[in-house]
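Undergrad: Provided below are the primary sequence and the corresponding predicted coordinates.
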Amino acid sequence: MTVTLNIKHKSLFSEILTLIKYRLSFSVVLSSVASYLLAFEIFSMSTLILLVIGGFLVVGSSNGFNQIIERDRDSLMSRTSNRPLPSGNISLYQAILICSIIGLLGLFILYIINFRTAFFGFISMIIYLVVYTPLKTITPLSVFFGAIPGAIPFMLGWVAVTNKFSIETGILFMIQFFWQFPHFWAIGWVSHDDYIRAGFRMLPSGKRDNATAFQIVFYTIWMILVSTLPFFSFTGKFSIGLTSLLLILFAGIFMLIQALRLMKYKDNQNAIRLMYTSIFYLSFIQIIFVIDKLLL
C-alpha cells in the first residue's frame, strides 16, 4: 500500500511539474539571476534565493493558468494533447488551486525582496494571461504583447537589487523583448500546422512565407543593435567593453545568418536551427554580460 501511494504522489508531482512547465520556468528565471549578478554591489544570497524561488513560482503559475485557459485547444494539437489537463491526469479544479497557490506564494516571496519586484512580476502575469493568451486566436500581434512579460524577467534581477526602474532595466528589457520575435516566430514556423488546427494565429503574415521570414530577419537585426547598446555611454551602470561587444556582434551575426537562411529556404529545418540558435544567443550574451561585469 505504501509503495502504491508513493507512486501516485510521484505521478501527481510529475504532472504538476508539467503543468507549470518547470524547465521553461527555470530557464526564464536564469535571466533574472543574470541581471541580479549585473546589478549587485553587495552580494546577498538571501535576495538571490528569494528571486529564484519567487520568480520560478510566478512564471510556473502563469504557465499553468495558460494551460487552463487553452486546455480545449491544447487537446487539438499533437505536441500538447498529452498535457495534464487534456489528458485528464489533473482535474480543472486541481490545476486552478495549484496555480493560484503557487502564484500568490511567488508574488509574496518577490514582495519580501521589495514592492517593485513583486509589482513587475504581477504585471507580467496579467499581460501574459489577460492580453497575450486571448489574443493568440485573434491576431498575430499577440506575439508583441507576449514579448512584454517575456522580457520582464531579464530586468527583474536589477529591480530586486535597486528597487527602481531605470535606464539599465530598460535596456535589459529591450534586449529580451526584441529577441523574442525571431525566437517565437521560429517556433511558430515549425508548429504552424498545429497552431492553425487549434485556431492560433502566431506568424505575422499568417503563413510560412517571405513576409514572415523578412520580419524575422528585421527583428533579429534590431535585437543585435539593442544588444550592443551597453557598449556606449548612455546606459548608466550597465556597460561592456570592446571584447564583449565583438563577441556579442559575432553571436548576433551567427543568428542573423540563420535567419537569412530561413528567408532563403523557408523550410522547417532552418526554422529549427534558428530556434536553437536564438536560445544559444540569449544564453551566450547573458554570460558575456556577467563575465564582463565580474571579471573584465
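TA: Good, I have the coordinates. Numbering: from 1, shown residues only.

Undergrad: mind checking how far Ser205 is from Gly150?
TA: Ser205 sits 21 Å away from Gly150, going by C-beta to C-beta, to the nearest Å. For glycine as for every other residue, the C-beta is placed from the backbone atoms N, C-alpha and C.

Undergrad: Apart from its chain neighbours, what residue comes closest to the one residue sitting closest to the centre of the chain?
TA: Centroid check for the chain by C-alpha atoms, centre = their mean gives Gly150 as the closest residue, at 4.3 Å. Of all residues not flanking Gly150 in the chain, Gln180 sits nearest, at 4.9 Å (C-beta to C-beta, 6 or more residues apart in numbering).

Undergrad: pLDDT at Val3, what is it?
TA: Listed pLDDT for Val3 reads 40.

Undergrad: What mean pLDDT does the stretch of helix or strand Phe284 belongs to get?
TA: Per DSSP states H and E, Phe284 falls inside helix 268-294. Mean pLDDT, computed over helix 268-294, is 98.

Undergrad: what packs against it?
TA: If contacts are counted by 3 or more C-beta pairs under 8 Å, 6 or more residues apart in numbering; DSSP states H and E, helix 268-294 sits against helix 22-39, helix 167-190, helix 242-265.

Undergrad: which one of the ones you listed lies closest to Val52?
TA: helix 22-39 (5.6 Å; C-beta to C-beta).

Undergrad: and the closest one, which residues are buried?
TA: 22, 25, 28-39 (16 or more other C-beta atoms under 10 Å).

Undergrad: Off-centre distance for it?
TA: When C-alpha coordinates are averaged (C-alpha atoms, centre = their mean, to the nearest Å), helix 22-39 and its chain have centres 10 Å apart.

Undergrad: From the contact counts, what lies against whatever helix or strand comes next after that helix?
TA: Sequence order places helix 45-69 as the next helix or strand after helix 22-39, per DSSP H and E. Counting contacts by 3+ C-beta pairs under 8 Å, 6+ apart, helix 45-69 is packed against helix 2-19, helix 22-39, helix 84-87, helix 92-113, helix 115-126, helix 133-135, helix 142-162.

Undergrad: State the mean pLDDT of the very next helix or strand once past helix 45-69.
TA: With elements assigned by DSSP H and E, the helix or strand that comes after helix 45-69 is helix 71-74. Helix 71-74 shows a mean pLDDT of 96 in the predicted model.

Undergrad: helix/strand/coil for the nearest residue to Ser87 once chain neighbours are set aside?
TA: Here the nearest residue to Ser87 in space, its sequence neighbours aside, is Ser81; by C-beta to C-beta, 6+ apart that works out to 7.3 Å. Of the three states, Ser81 takes coil according to DSSP: H, G, I helix; E, B strand; the rest coil.

Undergrad: and stretch 20-31, how far from the chain's centre?
TA: 8 Å.

Undergrad: nope, stretch 105-114 is what I meant
TA: That offset, for stretch 105-114, works out to 20 Å (C-alpha atoms, centre = their mean).

Undergrad: tell me the mean pLDDT over that stretch?
TA: 98.

Undergrad: Thanks a lot, catch you later.
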